[in-house]
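>>> build me a structure from this.
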Amino acid sequence: MHTPVFGKMGTWLVSLALIIGFGMSVAAQTKGDEDKEMFNKAKQRDQQAIDDALNGWWTASMKTHDKRIQWWREAKFGMFIHFGIYSLPGGEWKGHKVDGYAEHLMRKEKIFRKDYLAIAHQFNPVKFNADEWIRHAKNAGMKYFIITSKHHDGFAMFDSKVSDFNIMQQTPFRRDPMAELAAAAKKQGIKFGFYYSHAFDWEDPDAPGNDWEYKNPGGDSALYGGINWFNLHPELLPKAVKYVNEKAIPQIIELLKKYHPDILWFDTPSKLPLSENIRIMKAIRAVDSNVVINGRLARTAAISFGDYKNTADRPAEFYPVTGDWEAIPTTNESYGYHKFDSSHKPVSHFIRLLASAASRGGNLLMNIGPKGDGEFDKKDVHILDGIGNWLRNNGESIYGTKAGPLPLQNWGVSTMKGNKLYLHVFNYPADGKLYAGGLLSAFSNVYLLAGSKKQLTAKRLNEKDIVINLPKKAPDTVNTVIIIELKNKAATDAVRFIAPNIPVTRLLAFDAVQHGDGLSFGDGKTNKFYVDGWKSMQQSLSWTIRLLKEGRYHVVIKYLAGDNSGGGFNC
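Numbering: from 1, shown residues only. The predicted model follows:
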């Protein structure tokens, strides 16, 4: 361990260089002239779709983008629901536990269509109550509600006239839960929308994904070249186009015209070529110019055609994202109901995750997987009730806020709305003194948000920092919110501030400055908030920090080395 001493009032650059060697073998096809021609044609196909969008319909649709997305920006918190016939087996098949996402049962167990229909013929969620589901969301402080209208299994959870593979024609339930939920959401003042799996469809013989019954591309077996199947085997593309024309687009249009959703949510766009994804979006915009569309329908490295960006699934930490974005945690580790998964996080995890997302300008769309009988798991209800209790007292610090202007603080995060700066204190100082670093603006009132809005005393220590005197005992052990009313526009110092009375400061790789080419972020899941792509001594990470007083610090470095990798670090 290295124990550095930092001088008083200094601004210091902490650098960490990880030297990791990689050894790997990559199997590749020999590329001849025909491959070059093929990829050129693929590039031309996608570029034509991009040009058509940028030079016409998409650019025109973005003129109303800010108006269209305003409600979503203010909402900050929504409920995501994965509910389908996979909810009935709940992660079990033929007497054994199926690991992973329960909603992927058909793929994981290689179930044929006729056998999957046998599950549908038993699916009868008699405890389903649309008003109750929406009420759960509303009581939890959620402002919008998105549910799976068709997941990757291809089974429509609505009254579809396009395909008979749907809840009305194949189950004893014979009700349209999407219609009931849309009506309940409207009645209770909650924005409503659908998840629709446009690129994966395991029941349709023309769609990508099912490589066990139909031997189609886009599945786990990586038939026909895997992820780039449509470029490597363009002769297969007409089948997928047929699926898009005859099922995906018609069902999406059904959803738009019949239920009038506020938002549409898509996933796994890489299973189809970009040109098809853009074509689907064009069809949507031809019908509805006001529906919000998430970022996983059509995107390239340079541009996202959606209304906002989506980060990785099941995040524990957030990598840097600019603009409008949304994260999708779930209460345990499965999106669909999984009877064997009891890894539910505590209420505190989601309260802090919500505040952290808002502090970085993002939304949280939190997932619940209802049981096959239509009832919410009691563990999920406990989490929802806990979040709702906190938001009833502290929602002002979340809804309608913008990213916090303060630099990163070791006690928590900040959000901003109007002239109010909200300090979300996760790590409450034992001595009752909260050092807020980097605030240059003059301020007037300082007080607790919850309860009686108790006034607090605060003073300026220097031109950049203030100290607030807090109650000795934390009013909220999860997230105490303090309001600072500013006299003028927020002005802050950008350098990360290390308060002297917080025992532990985490310098996450996500928050570091990257030096050198080729570095990329992990997906942010638990134990995956790292930076990878290390290949040379020219690559490094650094954190610039500012201290209020000198001190001796114990530095602990956590890092992962992949298979066939080696090396070390210096600091």
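>>> assign residue 483 to helix, strand or coil.
On the three-state scheme (DSSP: H, G, I helix; E, B strand; the rest coil), residue 483 is labelled strand.
>>> do I have it right that it meets residue 444?
No - Residue 483 sits out of contact with residue 444 when judged by CB atoms under 8 Å, with a separation of 10.7 Å. For the C-beta atoms, the positions are set from N, CA and C on the backbone; glycine is no exception.
>>> which one of these two is surrounded by more residues?
Remark: of residue 483 and residue 444, residue 483 carries more neighbours, 18 against 9, as counted by other CB atoms under 10 Å.
>>> residue contacts, the more buried one?
397, 420-423, 445-449, 453 (CB atoms under 8 Å, 6 or more residues apart in numbering).
>>> can you give me the pLDDT of it?
What the model reports for residue 483 is a pLDDT of 98.
>>> beta partners for it?
Each beta-bridge partner of residue 483 is listed here, defined by DSSP bridges: residue 422, residue 447.
>>> contacting residues around residue 217?
Taking CB under 8 Å, 6+ apart as the definition of contact, the neighbours of residue 217 are 208, 211, 223-225, 229-230, 233, 236.
>>> tell me which two in those are the farthest apart.
211 and 230 (14.5 Å; CB to CB).
>>> between the two, point out the one with more neighbours.
A direct count of neighbours by other CB under 10 Å for residue 211 and residue 230 places residue 230 higher, at 27 against 19.
>>> any buried residues in the helix or strand encompassing the more buried one, and which?
With secondary structure defined by DSSP states H and E, residue 230 is part of helix 229-232. By neighbour count, with 16 or more other CB atoms under 10 Å as the criterion, the buried positions of helix 229-232 are 229-232.
>>> now stretch 206-226
206-214, 216-219, 224.
>>> swap in stretch 397-417?
Neighbour-count burial for stretch 397-417, counted by 16+ other CB under 10 Å, picks out 397-399, 401, 404-417.
>>> picking that back up, tabulate the contacts of residue 217 (JSON lines), appending distance to residue 556 and pLDDT.
Formatted as JSON lines, the entries for the contacts of residue 217 read as follows, by distance: CB to CB, whole Å; pLDDT from 0 to 100:
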{"residue": "208", "distance to residue 556": "45", "pLDDT": "97"}
{"residue": "211", "distance to residue 556": "45", "pLDDT": "97"}
{"residue": "223", "distance to residue 556": "46", "pLDDT": "92"}
{"residue": "224", "distance to residue 556": "47", "pLDDT": "94"}
{"residue": "225", "distance to residue 556": "44", "pLDDT": "87"}
{"residue": "229", "distance to residue 556": "45", "pLDDT": "95"}
{"residue": "230", "distance to residue 556": "47", "pLDDT": "95"}
{"residue": "233", "distance to residue 556": "50", "pLDDT": "95"}
{"residue": "236", "distance to residue 556": "51", "pLDDT": "96"}
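>>> which one of these is nearest to residue 282?
Here the nearest of these to residue 282, counting by CB to CB, is residue 230; it sits at 18.3 Å.
>>> for that closest one, give me its contacts.
With contact taken as CB under 8 Å, 6+ apart, residue 230 is in contact with 42, 217, 236-237, 240, 272-273.
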